[in-house]
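Asks: Sequence first, predicted coordinates after that:
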Amino acid sequence: MSSIAAAKIISQRTYPVGGKLNVTEHFFDVPKDHSKPEGGTIRVFARSVKKRDSAIVPDSSKDKEQLPWMCYLQGGPGMPCRAPQNYNFTQTTLDRGYQLLYLDQRGTGLSTPLTASTLGMRGNNEVQARYTKLYRADSIVIDCEAIRQALTADYPEEKKKWSIIGQSFGGFCSITYLSFHPEGLRESFIFGGLQPLVKSPDEVYRRLYKKVIQHRRSAATCFDEHLIYSILHEPLYCEGNASNWSAHRLMSEYRVFDLDKTDEDEPIYFTGEMIYPWMFEDYSELRKVQDTANRIASDSDWPALWDEKQLEKNDVPVYAASYVEDMYVDFDLSMETARKVKGCKVFTTNVMFHDGMRSKMEEVFKQAFALRDDVVD
């Protein structure tokens, strides 16, 4: 576990919003490449939120200001956060005594953008590929640690750790966090994001294709606006292996997706979250980075995103929700992960889908905090 320098706070601006909330906008500078901190910085944006004190005589004590932090890690990869008041769990979490940080992970939202246009300014295609590889969970987690240190610089030692809450890919980031920087964590909540502990995406997609067939529905995403997702979705399962367009290779094993089949009595199914090389020909923005995407798909030089030995001796409390009918994160692989994370408590259900945190928030949060509070109905 290497030492990480605190992020540089560039600016902080606080304003009130409806619902008796105070929102603060933060801009931080962090190293572009954490292994080469001298090589320049990128900017990371986040919004924090706490209850607005409407008392006649506001409480300005340190205890009131230095509430325990909860950092929200968004799904994706490559998706920004909405404003805090637009999340249905914000008030619920604040009511439990936290202040919340919603992070625009590097390359997303108001953080330094990673788009086809900005990537083209970085240099030739090989340089672009190396740069894009800096946007996986390992870099995001180190950004988080740097930001945590900046935000808690004047906190007493017992308050410096923070809690994290990860949805989907945010849960994958949580597993990376637990593996390599657990010293920064007080507790971890994971919703639909118990990362499969695999070193190649092939087994993941074999299972997910079967789940897509069961659900008979597709995911709708505008890929022109989601370059990080399109290029780095498969490599988030890679360690020492190239993805080699895994979903594309494996689709031939499932005839229901074959557009060229001649049996008219058999339906043709849509796929789910999968990414295919032809997308980098069909989508105008992705077309600009086609060679870069192909280079990354053939690259096997990927470091570890999890450490099984560390997870086996984990001492950070972990509370997770895992969905039997999840079309995006295989349930059985998730439960294998849960068994390998010491002390991980899991709420499982077959009546929610991957978006349970959004569509069934009250129930999911109730179950997660019941695990935390050791409440048995």
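Replies: Right, received. Where do you want to start?

Asks: how close does residue 236 sit to residue 204?
Replies: Look at residue 236 and residue 204: by C-beta to C-beta, to the nearest Å, they are 10 Å apart. No exception for glycine: its C-beta is placed from N, CA and C like everyone else's.

Asks: Could you do residue 123 as well?
Replies: Residue 123 is 32 Å from residue 204, where distance means C-beta to C-beta.

Asks: do residue 122 as well
Replies: The value you get for residue 122 to residue 204, if C-beta to C-beta is used, is 30 Å.

Asks: How about the secondary structure of residue 230?
Replies: helix (DSSP: H, G, I helix; E, B strand; the rest coil).

Asks: oh, I was asking about residue 205
Replies: helix.

Asks: Now for the residue nearest to residue 105 when sequence neighbours are not counted, how many residues are close by?
Replies: Computed as C-beta to C-beta, 6 or more residues apart in numbering, the closest residue to residue 105 that is not its neighbour in sequence is residue 140, at 5.0 Å. When counting by other C-beta atoms under 10 Å, one arrives at 26 neighbours for residue 140.

Asks: Wait, residue 140 touches residue 173, no?
Replies: Yes: counting by C-beta atoms under 8 Å, residue 140 does reach residue 173; the two are 5.4 Å apart.

Asks: who touches both of those two?
Replies: With contacts defined as C-beta atoms under 8 Å, 6 or more residues apart in numbering, the residues shared by residue 140 and residue 173 are 73, 105.

Asks: which residues does residue 294 contact?
Replies: So residue 294 contacts 277, 280 (C-beta under 8 Å, 6+ apart).

Asks: per-residue confidence at residue 50?
Replies: On pLDDT, residue 50 comes in at 95.

Asks: Could you identify the helix or strand that succeeds whichever strand or helix holds residue 150?
Replies: Per DSSP states H and E: residue 150 is located in helix 137-151. Per DSSP H and E, the first helix or strand lying C-terminal to helix 137-151 is strand 162-167.

Asks: elements contacting that following strand?
Replies: In terms of contacts (3 or more C-beta pairs under 8 Å, 6 or more residues apart in numbering; DSSP states H and E), strand 162-167 is packed against strand 69-73, helix 169-180, strand 185-191.

Asks: coming back round to it: mind checking how far the residue nearest to residue 105 is from residue 334?
Replies: Distance from residue 140 to residue 334, by C-beta to C-beta: 20 Å.

Asks: I'd like to know how far the residue nearest in space to the middle of the chain sits from residue 258.
Replies: With the centre of the chain defined as its mean C-alpha position, the nearest residue by C-alpha atoms, centre = their mean is residue 170, 2.3 Å away. As defined by C-beta to C-beta, residue 170 lies at a distance of 34 Å from residue 258.

Asks: contact partners of the least confident helix or strand in the chain by mean pLDDT?
Replies: Least confident element among the helices and strands of the chain, by mean pLDDT, DSSP states H and E: helix 62-65 (a mean of 74). With C-beta under 8 Å, 6+ apart as the test, helix 62-65 has contacts from residue 53.

Asks: Identify each buried residue in that helix, please.
Replies: By neighbour count on 16 or more other C-beta atoms under 10 Å, the buried set for helix 62-65 is empty.

Asks: Just the CA atoms of it, as CSV, please.
Replies: Extracted in CSV, the C-alpha atoms of helix 62-65 (Å, rounded to 0.1, in the frame of the first residue of the first chain):
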residue,chain,number,x,y,z
LYS,A,62,-16.4,21.3,14.8
ASP,A,63,-18.6,18.3,15.5
LYS,A,64,-21.3,19.8,13.4
GLU,A,65,-19.0,20.7,10.6
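
Asks: Show me how far that helix is from its chain's centre.
Replies: Taking the mean of its C-alpha atoms, helix 62-65 sits 30 Å from the chain's own mean (C-alpha atoms, centre = their mean, to the nearest Å).

Asks: Let me see the contact set for residue 12.
Replies: 24-27.

Asks: quick one: low-confidence parts of the stretch 51-200 of the chain?
Replies: 55-61 (pLDDT under 70).

Asks: ugh, wrong one, I meant the stretch 251-377 of the chain
Replies: If you take pLDDT under 70 as the line, the stretch 251-377 of the chain has these spans: 262-264, 375-377.
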